[in-house]
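**Student:** sequence and predicted structure, then a few things I'm wondering about:
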2 protein chains.
Amino acid sequence: VQSSDAELLTEILDPLSHSEALRELLTLHVDDRSRVLELVPAEMAAILIEEAPNEVAVELVEMLESNRAAEILEELDSDIQADVIGELDDADAEAILNEMDEEDADDVRRLAQYDDNTAGGLMMVEMLRFLDTDTVGKVLRWVASDDEEFERYRGQHPYVVNEEGRPVGVVSLRGLLTAKRSALLPTIMVEPLTVPVDMPLPDLEDVFDKHPFLGIPVVDETGILVGVVSRTAVSDAVLERSETESLKRQGLVGDELRSMPLWLRSRRRLAWLSANIVLNVVAASVISAYEETLAAVIALAVFLPMVSDMSGCSGNQAVGVTMRELSLGLVRPMDAMRVWMKEVSVGLINGVALGLLIGIVAWIWKGNPALGLVIGSALALNTVLAVSIGGVVPLLLKRLGQDPAAASGPLLTTITDMAGFFFVLSFASLMMPWLV
Amino acid sequence: VQSSDAELLTEILDPLSHSEALRELLTLHVDDRSRVLELVPAEMAAILIEEAPNEVAVELVEMLESNRAAEILEELDSDIQADVIGELDDADAEAILNEMDEEDADDVRRLAQYDDNTAGGLMMVEMLRFLDTDTVGKVLRWVASDDEEFERYRGQHPYVVNEEGRPVGVVSLRGLLTAKRSALLPTIMVEPLTVPVDMPLPDLEDVFDKHPFLGIPVVDETGILVGVVSRTAVSDAVLERSETESLKRQGLVGDELRSMPLWLRSRRRLAWLSANIVLNVVAASVISAYEETLAAVIALAVFLPMVSDMSGCSGNQAVGVTMRELSLGLVRPMDAMRVWMKEVSVGLINGVALGLLIGIVAWIWKGNPALGLVIGSALALNTVLAVSIGGVVPLLLKRLGQDPAAASGPLLTTITDMAGFFFVLSFASLMMPWLV
């Protein structure tokens, strides 16, 4: 990199897989990263941008001169262009769009308006579009001539639109091969399946599940064909959503990677942790209220963190199952009651088992059967509570329009901590004569 | 269902999306589920089996008579047949295979041998295979004639093999359309890209990343073409792996769904929780060793769970980032040192911030600045420790050939719990004169 040897860099990166090449790029110092992207061929730089998670891609593009950025982005499909440009500052975005081909820039501006996880946000504008006055021969000639462009339409069928731009048909490969070259497309086309531009991701998943197509045409509010959403774009979006949700549960927002600036990473994690500390203080106030009980039976302090931790784990398992069933579409917010009944039975079995286990441990360790009874029954009861809350809370949050991935965990552990401390300490107060 | 009205059932299920239909099926009682699968057309039953997560699919198939099961499975692609049959008891599997078409049964037996997340486990045996002595006309006639079969090969190119069955070329659509019908395939084919049957999932991801193909031919150890792995199969497997890993972190193994039998769900969760309770006892033994300190300053008991919980959260964030970077291929086990340095800096900033916060809370709440100092410095130090361990442990486990998703969390929290208790209680012992 230091020697600015573009050819050598290209030789190094070319044989690597895309993810390896990206990893090499990201281990470099920030300044060197942009030097690499300046030096290698635009096509290779485009591959690196495409491979990078969106936040990293945006960072990389931000560091480039706008004309170089435009050159690299021109190599990518319109949906990826729009993803990257949509995340830039308005000024940066305009600077790059001004350097791009005007037609492409207009496409990107339009695409960047749509929400990420809708047909509009996932579609690309490159499509195999023909008029209902075109012939089979025209399509065949196009397929045969334009090989590089054809790559972009992989998996698409030729879509037929009328003069207003509304899709009126789809042509199958079989139709193309068996028809006469002079036949008009309407003689061999079939009714097209289309999706509206604002169709959300879960509905798109269902549509691709039900139909084997690799791409589906997208129409705007007026019924005009505006793009094609591909099976790959939808399944990539589903994967990303699943990973984002799993990270959110640890309070990691916005796809942190270690190549990001220290302060940004630190601040993002801290926001969630600080909120968590407040919830912890609330839970701990229960212990504070029972300091006298605790002072009388100091062994209780050994078991308080165990009871709250174990219930938290049980509750988080229930959250995990509900989140998975939500994402598979196997449960709806209105199923809360059914989920609760299913969880209570698991909670009863596991609560009794864990309660017995910890009760016996406490009895033997501290030589006091009453202590075992207090700890064991507190854990058993709290396990039932934890799985009930863990199973149902994501559904309630969803019904209230909140994000279950981010909020379920902290809400759950605060309640189970408080309840766990309360059960242990209040049972101990009742059993005091046998404990001391 | 009760009235055994097959037509009515079909009418109810048909307009639903596949995931809705599956949800309806799974809300039924177990006996009714198999009745539905007996009554509806085999094609619809096959769709439900395909839509279900693999464990559920296996359960549904187990309940059916073997001839009905064979009839339904025949509707599915060979890769899904093999997934389901590979999970059945040997006796059940043989009973179903005996009812199937002999050739299909042989395919399934062969496919079921391969590991799930390899090219062999993900491929299907249905493929567009032609001989190097075939002509363009033969391919075109086949495409034009056999429409139903053609559906199964969506996205595949015609692969050309020599008489030994080794792939020698791939034919493009463009080649087919521009060549004479009498031309032999070798005149228009290009060198094929192939993958070995034992190529693991991450390598397959890289290959599909680097090449735009929708399917890639798979060869066995002797170089014979044995199947085709599709882009969709690979991306579905990646999604499944990501979800499984996220669930494993809560100790949920094997894709629990609430439609599974109570005892199975309960036992699986309990296995992980019981191991966790042992680790908790180990951690709590630190508190037990300091009971005298605790008895002298009972307020410490209020903060012990807070310090351990907060450090656990910080550490889990680091685990989350490492797991994500591992799955994106942006970090390798040998990068542990680099990851550690990146985490230590985040840990220092967040540790100081959280330590100050909790220190001030402790000071004001209990009116003792020394208590604030003890709690604050313990949390600060333990945060640095937690993010270091959290960032690095998944990499070390991976290097040792262990599964980082399942083991990182419990290992992390046990260490941070022990260290957190130790820091708070040993600092308190040192500061005792100012605390009481």
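**Tutor:** Thanks, I have it. Numbers count the residues shown, from 1 in each chain, chains lettered A, B, ... in the order given.
**Student:** what separation do you get for the residue lying closest to A:L184 once chain neighbours are set aside and A:P186?
**Tutor:** Nearest residue to A:L184, sequence neighbours excluded (C-beta to C-beta, 6 or more residues apart in numbering or on different chains): A:T135, at 5.8 Å. For every residue, glycine as well, the C-beta is placed using N, CA and C. Look at A:T135 and A:P186: by C-beta to C-beta, to the nearest Å, they are 10 Å apart.
**Student:** those two - which one has more neighbours?
**Tutor:** A:T135 (17 against 14; other C-beta atoms under 10 Å in any protein chain shown).
**Student:** what are the buried residues along stretch A:286-300?
**Tutor:** A:286-288, A:290, A:293-294, A:296-300 (16 or more other C-beta atoms under 10 Å in any protein chain shown).
**Student:** try stretch A:94-105
**Tutor:** A:95-97, A:99-100, A:104-105.
**Student:** averaged pLDDT, the helix or strand that contains A:T10. What do you get?
**Tutor:** Assigned by DSSP states H and E, A:T10 belongs to helix A:6-13. For helix A:6-13, the per-residue pLDDT values average out at 80.
**Student:** name the residues that touch that helix?
**Tutor:** Residues outside helix A:6-13 that contact it (C-beta atoms under 8 Å, 6 or more residues apart in numbering or on different chains) are A:1, A:21, A:24, A:36, A:39-41, A:44.
**Student:** which parts of chain A are strands?
**Tutor:** A:129-131, A:159-161, A:167-170, A:195-196, A:215-219, A:225-230 (DSSP state E).
**Student:** measure A:M127 to chain B for me?
**Tutor:** From A:M127 across to chain B, the span is 16 Å (C-beta to the nearest C-beta, to the nearest Å).
**Student:** residues contacting the spatially closest residue to that residue that is not a sequence neighbour?
**Tutor:** Leaving aside its sequence neighbours, A:M127 sits nearest to A:V228 (C-beta to C-beta, 6+ apart; 4.6 Å). For A:V228, the contact set (C-beta under 8 Å, 6+ apart) comprises A:123-124, A:126-127, A:156, A:159, A:215-218.
**Student:** again, only using 7 Å
**Tutor:** With contacts defined as C-beta atoms under 7 Å, 6 or more residues apart in numbering or on different chains, the neighbours of A:V228 are A:123-124, A:127, A:156, A:215-218.
**Student:** please identify which of the residues you listed is nearest to B:W142.
**Tutor:** A:Q156 (22.1 Å; C-beta to C-beta).
**Student:** how many residues are close by the closest one?
**Tutor:** As a measure of burial, A:Q156 has 21 neighbours, counting by other C-beta under 10 Å.
**Student:** quick one, what contacts it?
**Tutor:** A:127-128, A:215, A:228.
**Student:** again, only this time at 8 Å
**Tutor:** A:127-128, A:214-215, A:228, A:230.
**Student:** read off the pLDDT value for the residue nearest to A:M127.
**Tutor:** 92.
**Student:** buried residues of the helix holding A:T10, list them for me.
**Tutor:** Neighbour count says helix A:6-13 has A:9, A:13 buried, by 16+ other C-beta under 10 Å.
**Student:** and for stretch A:240-254?
**Tutor:** A:240-252.
**Student:** output the strands of chain A as JSON lines; include the columns distance to B:G169.
**Tutor:** Formatted as JSON lines, the strands of chain A follow (distance: least, C-beta to C-beta, whole Å):
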{"stretch": "strand A:129-131", "distance to B:G169": "30"}
{"stretch": "strand A:159-161", "distance to B:G169": "31"}
{"stretch": "strand A:167-170", "distance to B:G169": "30"}
{"stretch": "strand A:195-196", "distance to B:G169": "37"}
{"stretch": "strand A:215-219", "distance to B:G169": "27"}
{"stretch": "strand A:225-230", "distance to B:G169": "27"}
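**Student:** which one of those lies closest to A:I85?
**Tutor:** strand A:225-230 (15.9 Å).
**Student:** wait, doesn't A:S34 sit right on A:L64?
**Tutor:** Yes: A:S34 is in contact with A:L64 according to C-beta atoms under 8 Å; the separation is 5.9 Å.
**Student:** quick one, which of these two is more surrounded?
**Tutor:** A count of neighbours by other C-beta under 10 Å puts A:L64 above the other of A:S34 and A:L64, at 21 against 18.
**Student:** per-residue confidence for the more buried one?
**Tutor:** 88.
**Student:** does it touch A:L73 like I think?
**Tutor:** No: contact criterion C-beta under 8 Å: A:L64 and A:L73 do not qualify, at 9.6 Å.
**Student:** rewinding a little: tabulate the contacts of A:V228 (TSV), appending pLDDT.
**Tutor:** TSV is the format used below for those (pLDDT from 0 to 100):
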residue	pLDDT
A:M123	91
A:M124	87
A:M127	85
A:Q156	75
A:G215	88
A:I216	92
A:P217	93
A:V218	95
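**Student:** residue contacts, the residue most central in space within chain A?
**Tutor:** For chain A, A:R241 is the residue whose C-alpha lies nearest the centre (C-alpha atoms, centre = their mean; 1.8 Å). Applying C-beta under 8 Å, 6+ apart, we find A:R241 in contact with A:117, A:201, A:327.
**Student:** nearest to chain B, of those?
**Tutor:** Using C-beta to the nearest C-beta, the shortest approach to chain B within the contacts of A:R241 belongs to A:S327, at 7.7 Å.
**Student:** quick one: contacts for the spatially closest residue to that closest one that is not a sequence neighbour?
**Tutor:** Distance criterion C-beta to C-beta, 6+ apart; nearest residue to A:S327, sequence neighbours excluded, is A:S242 at 6.3 Å. Contacts for A:S242 (C-beta under 8 Å, 6+ apart) come out as A:327, B:239, B:242-243, B:246.
**Student:** what do you get for A:G420?
**Tutor:** A:304, A:307-308, A:311, A:378-379, A:382.
**Student:** who wins for most neighbours among those?
**Tutor:** Neighbour-wise, those (other C-beta under 10 Å) top out at A:S311, 33 neighbours.
**Student:** A:V384 is in contact with that one, correct?
**Tutor:** No: A:S311 lies out of contact with A:V384 (C-beta under 8 Å); the separation is 9.3 Å.
**Student:** among the contacts of helix A:6-13, name the buried ones.
**Tutor:** Looking at those with 16+ other C-beta under 10 Å, the buried ones turn out to be A:1, A:21, A:36, A:39-40, A:44.
**Student:** let me know the average pLDDT across stretch A:197-205.
**Tutor:** 91.
**Student:** number of nearby residues for the nearest residue to A:V346 once chain neighbours are set aside?
**Tutor:** In this structure, A:V346 finds its nearest non-sequential neighbour in B:S266, 4.9 Å apart by C-beta to C-beta, 6+ apart. Neighbour count of B:S266, defined by other C-beta under 10 Å: 18.
**Student:** wait, what's in contact with B:S266?
**Tutor:** Applying C-beta under 8 Å, 6+ apart, the residues contacting B:S266 are A:345-346, A:349-350.
**Student:** kindly reformat the residues you listed as CSV containing neighbour count.
**Tutor:** Formatted as CSV, the contacts of B:S266 follow (neighbours: other C-beta atoms under 10 Å in any protein chain shown):
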residue, neighbour count
A:S345, 15
A:V346, 28
A:I349, 19
A:N350, 25
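**Student:** got a list of what the closest residue to A:A52 other than its chain neighbours touches?
**Tutor:** The shortest distance from A:A52 to any residue other than its chain neighbours is 5.7 Å, reached at A:L22 (C-beta to C-beta, 6+ apart). The contact partners of A:L22, taken as C-beta under 8 Å, 6+ apart, are A:48, A:51-52, B:329-330.
**Student:** cool, and A:T322?
**Tutor:** A:331, A:339, A:390-392, A:394-395, A:404.
**Student:** cutoff 10 Å now
**Tutor:** A:330-331, A:335-336, A:339, A:343, A:390-395, A:398, A:404, A:408, B:258 (C-beta atoms under 10 Å, 6 or more residues apart in numbering or on different chains).
**Student:** among the residues you listed, which lie within helices?
**Tutor:** Counted as lying in helices by DSSP state H, out of the contacts of A:T322, are A:336, A:339, A:343, A:390-395, A:398, A:404, A:408.
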